[in-house]
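Trainee: Here is a sequence together with a model predicted from it:
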Amino acid sequence: MKTFELHTMESAPEETKPLFENSLKNFGMIPNLHAVLGEDPAVLEAYQLLHKLFQETDFNAAELTVVWQTINVEHECGYCVPAHSLIANMMQVDPAVDTALRNKTALPTEKLQVLHETTLSIVQNRGHLTEQELERFYAAGYEPKHILGILLGLSQKVMSNYTNHIAKTPLDESFQKFA
């Protein structure tokens, strides 16, 4: 049976090497997820671009974490949950936010709770939201552009969560303390 390779700078396809340079610049390492995605340079490039663009949405660091971790936890991604705990820590997100998401308990603010519940409903209901859910989302202070932002974050997380499930991506050493 074929298995997924954890590519290095030496084993990666030539087109992947500049993308690995981006990983090194942004993370100080080539995360194992990137090492797996490096098999196909177009896929790694798409993932890196989605990550960059999601961070450019109108969400703050705590809200980015809520969207990422809501999806990671719902998809039961044993790689991305600890990876995004480290990222939340690096972005100086209140640890209570990440803990609540991982433990499926209430978030520290109503606005973050509504973002979590809306994101979860989008995932569980394959993009279908009720009028009541949308009204509650907008009443919490969000706008239509935030729904689109959630969809962008979901696109990124589907790529990584599903890749990690299929490839059985091993957890990087730097993420292990958040496992």
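Mentor: Alright, I've got the coordinates. Numbers count the residues shown, from 1 in each chain.

Trainee: Return the residues in contact with residue 36.
Mentor: Contacts of residue 36 were listed using C-beta atoms under 8 Å, 6 or more residues apart in numbering, and they are 4, 5, 6, 7, 163, 164, 167, 169. (Each C-beta comes from the backbone N, C-alpha and C, glycine too.)

Trainee: List just the nearest of those to residue 102.
Mentor: For the contacts of residue 36, the minimum distance to residue 102 (C-beta to C-beta) is 16.4 Å, reached by residue 164.

Trainee: Look up the closest residue to the closest one, ignoring the ones flanking it.
Mentor: Nearest non-adjacent residue to residue 164, counting by C-beta to C-beta, 6 or more residues apart in numbering: residue 79, 4.1 Å away.

Trainee: before we move on, what about residue 19?
Mentor: In this structure, residue 19 finds its nearest non-sequential neighbour in residue 44, 4.9 Å apart by C-beta to C-beta, 6+ apart.

Trainee: residues of the helix or strand where the one you found lies that come out buried?
Mentor: Assessed by DSSP states H and E, residue 44 sits inside helix 41-55. Going by neighbour count (16 or more other C-beta atoms under 10 Å), the buried part of helix 41-55 is 41, 43, 44, 45, 47, 48, 50, 51, 54.

Trainee: is it possible to export those to JSON lines including distance to residue 66 and pLDDT?
Mentor: Below are those laid out as JSON lines (distance: C-beta to C-beta, whole Å; pLDDT from 0 to 100):
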{"residue": "41", "distance to residue 66": "31", "pLDDT": "98"}
{"residue": "43", "distance to residue 66": "26", "pLDDT": "98"}
{"residue": "44", "distance to residue 66": "26", "pLDDT": "98"}
{"residue": "45", "distance to residue 66": "26", "pLDDT": "98"}
{"residue": "47", "distance to residue 66": "20", "pLDDT": "98"}
{"residue": "48", "distance to residue 66": "22", "pLDDT": "97"}
{"residue": "50", "distance to residue 66": "17", "pLDDT": "98"}
{"residue": "51", "distance to residue 66": "16", "pLDDT": "97"}
{"residue": "54", "distance to residue 66": "12", "pLDDT": "98"}
